[in-house]
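Asker: below is the sequence, then the predicted model.
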Amino acid sequence: MISESVAHSGSLRQFLRFARSTGLPLERILDDDLKAIVRDAETSDRVPARGLVDILQLCALRTRRPSLGVAFASWTNPRGFGPFSLLWDHCPTVEESLRISFQYLHLEHQALRMVVEDEGGEVAIRQFLVIPSRFGGSQFIEATLTVRLRIIRLLLGESWHPLRLELEHSPPASQRFIRSVFRCPIHYGADRSAIILPREDLRRPAPNGNAQMLAYLERQLQNLDHEQTADIVQRVEQRIATNLAGGRASLDLVAELLALSRRSVQRHLAEHGLSFEDLVMRVRRRVAEEYFASERKASLAELAYRLGYGEAASVSRFLRREFGMSSRQMAMRARLRVDAGPDDQ
């Protein structure tokens with residue numbers, strides 16, 4: 001059984017204000033399940049991560065606004081998403097803002113994963129959804145990429161624009177608004193959703209960066225992280241999940257992110273009867289189940305990437321060993337679960 005991913009309610013609260021200011025009739029659009037999540041967002045700091053994903057997509061479909069996610073992210077206050085959004089202004093470089101995101105994204109939204117792919121003279125900031133969605137996730141992905149664009153512009157200036165934007169979904173009938181926001185070529189039907197920028201922009205100094213203030217605020221965020229996830233096993237799992245794609249989730253990296261030595265991490269896990277490799281496999285099993293539950297057309301190559309494997313053959317062996325099934329059988333089981341509904345599972 002996969003535990004439900006959660007998100008800080010700040011994002012959803014901002015969307016509710018956006019909906020009111022733009023006249024979105026949420027009472028007519030949302031079903032009872034999504035209305036309940038909206039009510040929870042008013043009083044709780046944590047809500048189901050699927051809430052904003054499904055609400056954005058459903059509102060875009062019902063109102064026929066293909067750039068709703070981009071419009072929402074362009075309207076929002078980039079400092080109002082959650083505690084870690086307060087750090088962006090003070091990052092001395094784009095590279096440092098990405099490090100902050102890798103370290104603390106789980107505090108903001110557990111539905112999203114981010115990977116930075118170095119491609120010589122270019123760098124791709126790739127984002128993808130890791131939870132099942134009822135109506136699709138393209139609006140949420142466009143919104144989060146727009147937020148990333150705005151973070152970079154906070155650091156490098158409003159005139160900055162990417163080399164290009166790549167999106168996995170098909171092009172909408174009208175692309176005027178999204179093109180006006182990103183001000184770069186947009187490639188639809190790509191094999192990833194990513195912002196592509198020149199490699200040198202990663203370390204270009206931000207005029208208003210403040211390393212001392214960043215360090216101070218990050219210490220406060222670390223304390224919050226420890227309060228919310230005091231269990232060392234959960235903290236290690238979160239860092240593995242954040243860095244698993246592309247094969248980055250090594251013991252050395254996780255220890256560095258937790259400000260611990262390798263031996264300390266191993267000792268703490270051993271006290272719970274676990275090894276680092278045990279947790280990597282636990283996370284891989286969860287990622288695989290979430291992938292088949294959320295992807296209509298499963299790709300072994302994509303799953304290999306998300307699981308941190310270098311080739312598709314490794315995924316086939318993993319699925320057989322851990323689930324006793326092929327990728328086709330995993331996909332069929334996921335579809336049957338969706339068709340059955342939660343009451344029948």
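Answerer: Alright, I've got the coordinates.
Asker: for the residue lying closest to residue 307 once chain neighbours are set aside, what are its contacts?
Answerer: Of all residues not flanking residue 307 in the chain, residue 284 sits nearest, at 5.1 Å (C-beta to C-beta, 6 or more residues apart in numbering). For glycine as for every other residue, the C-beta is placed from the backbone atoms N, C-alpha and C. Counting by C-beta atoms under 8 Å, 6 or more residues apart in numbering, residue 284 touches 244, 307, 308, 318, 322.
Asker: got a quick PyMOL command for the buried subset of the residues you listed?
Answerer: Those of the contacts of residue 284 that count as buried under 16 or more other C-beta atoms under 10 Å are selected in PyMOL with:
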select buried, resi 244+307+308+318
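Asker: could I get the contacts of residue 284 in JSON lines, plus columns for pLDDT and distance to residue 57?
Answerer: Listed next are those as JSON lines, based on pLDDT from 0 to 100; distance: C-beta to C-beta, whole Å:
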{"residue": "244", "pLDDT": "89", "distance to residue 57": "25"}
{"residue": "307", "pLDDT": "93", "distance to residue 57": "26"}
{"residue": "308", "pLDDT": "91", "distance to residue 57": "28"}
{"residue": "318", "pLDDT": "94", "distance to residue 57": "30"}
{"residue": "322", "pLDDT": "94", "distance to residue 57": "31"}
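Asker: sort out for me which of the contacts of residue 284 are in helices.
Answerer: 307, 318, 322 (DSSP state H).
Asker: center of the protein - which residue?
Answerer: The C-alpha lying nearest the average C-alpha coordinate of the chain belongs to residue 112 (C-alpha atoms, centre = their mean; 1.6 Å).
Asker: mind listing the strands for this structure?
Answerer: Here the chain has its strands, by DSSP state E, at 6-8, 46-48, 112-119, 122-129, 164-167, 186-188, 194-198.
Asker: the first one: how far from the chain's middle?
Answerer: When you say that, I think you mean strand 6-8. 11 Å (C-alpha atoms, centre = their mean, to the nearest Å).
Asker: what of the last one?
Answerer: Relative to its chain's centre, strand 194-198 lies at 17 Å (C-alpha atoms, centre = their mean).
Asker: pull the residues that contact it.
Answerer: Counting by C-beta under 8 Å, 6+ apart, 94, 117, 121-127, 145, 148-149, 152, 162-166 sit against strand 194-198.
Asker: circling back to that earlier point, and the residue nearest to the centre of the chain, what is it in contact with?
Answerer: Going by C-beta under 8 Å, 6+ apart, residue 112 touches 105, 127, 128, 129, 130, 140, 144.
Asker: tell me, what's the model's pLDDT at it?
Answerer: Here, the pLDDT recorded for residue 112 equals 89.
Asker: could you list the low-pLDDT ranges of the stretch 101-250 of the chain?
Answerer: Scanning the stretch 101-250 of the chain for pLDDT under 70 picks out 224-230.
Asker: give me the number of residues near residue 79?
Answerer: Using other C-beta atoms under 10 Å, residue 79 has 13 neighbouring residues.
Asker: quick one: it and residue 88 touch, right?
Answerer: Yes: here residue 79 reaches residue 88: they are 7.3 Å apart, a contact under C-beta atoms under 8 Å.
Asker: distance check, the nearest residue to residue 177 once chain neighbours are set aside against residue 179.
Answerer: Excluding the flanking residues, the one nearest residue 177 by C-beta to C-beta, 6+ apart is residue 67, at 4.2 Å. Distance of residue 67 to residue 179, given as C-beta to C-beta, to the nearest Å: 9 Å.
Asker: with neighbour numbers in mind, choose between these two.
Answerer: Neighbour count, other C-beta under 10 Å: between residue 67 and residue 179, residue 67 has more, with 22 against 15.
Asker: phi and psi next, for that one.
Answerer: Note on residue 67: its backbone torsions stand at phi -110, psi 30 [degrees, to the nearest 10].
Asker: not counting its neighbours along the chain, what's nearest residue 133?
Answerer: Per C-beta to C-beta, 6+ apart, closest to residue 133 is residue 53, 5.0 Å.
Asker: tell me which residues touch that neighbour, please.
Answerer: 111, 129, 131, 133, 137, 140.
Asker: of all those residues, which two lie farthest apart?
Answerer: Within those, two members stand farthest from each other by C-beta to C-beta: 131 and 140, at 9.9 Å.
Asker: anything in contact with each of those two?
Answerer: Joint contacts of residue 131 and residue 140 (C-beta under 8 Å, 6+ apart) are 53, 111.
Asker: counting neighbours, go ahead and name the busier of the two.
Answerer: The residue with more neighbours, out of residue 131 and residue 140, is residue 140; 29 against 22, by other C-beta under 10 Å.
Asker: my guess is the more buried one contacts residue 58, does it?
Answerer: No: taking contacts as C-beta under 8 Å, residue 140 lies outside contact range of residue 58: 11.2 Å.
Asker: return the residues in contact with the closest residue to residue 56 other than its chain neighbours.
Answerer: Leaving aside its chain neighbours, residue 56 sits nearest to residue 139 (4.0 Å; criterion: C-beta to C-beta, 6+ apart). Going by C-beta under 8 Å, 6+ apart, residue 139 touches 56, 57, 59, 60, 68, 69.
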